[in-house]
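>>> Sequence and computational prediction follow.
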Amino acid sequence: MSGIELELRELKAAYKEKVKLAELAGMDTAAITKKYEKQKSDVVRENVNTQVEAFSSLASNLSALAGDNKQLAIASAIMDTYVGAN
């Protein structure tokens, strides 16, 4: 199981426990659900950015090995821009 899968599993387990406790106390769970969804989205976005950074680095390194390769340079620039925007 990968790191993100473990992180998401732990996040979900904590979410279920909080919902269970809130329901036992008669509290509304909407805020708990909203916070969980945001945290889950943040974890996934962080993972995607990490992967894109790795691919960008790979493209840059391949470009350096292959000499001036326009396609690899463009791919690297696009990935760097995506990571910078997120």
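Yep, it's here.
>>> Next SSE downstream of the lengthiest helix in the chain?
With secondary structure taken from DSSP state H, the chain has its longest helix at helix 30-66. The first helix or strand that comes after helix 30-66 along the chain, using DSSP states H and E, is helix 70-85.
>>> Okay, buried residues for that next one please.
Neighbour-count burial for helix 70-85 flags L72, A75, S76, M79, D80, V83 (criterion: 16 or more other CB atoms under 10 Å). All C-beta spots, glycine's among them, are computed from the backbone N, C-alpha and C.
>>> Kindly reformat these as a markdown table containing pLDDT and distance to A25.
Compiled in a markdown table, the buried residues of helix 70-85 are given as follows (pLDDT from 0 to 100; distance: CB to CB, whole Å):
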| residue | pLDDT | distance to A25 |
| --- | --- | --- |
| L72 | 76 | 57 |
| A75 | 80 | 52 |
| S76 | 78 | 52 |
| M79 | 80 | 46 |
| D80 | 81 | 48 |
| V83 | 76 | 42 |
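>>> ok, the residues you listed vs E46, which is closest?
Minimum distance to E46 across the buried residues of helix 70-85 is 10.9 Å, recorded for V83 (CB to CB).
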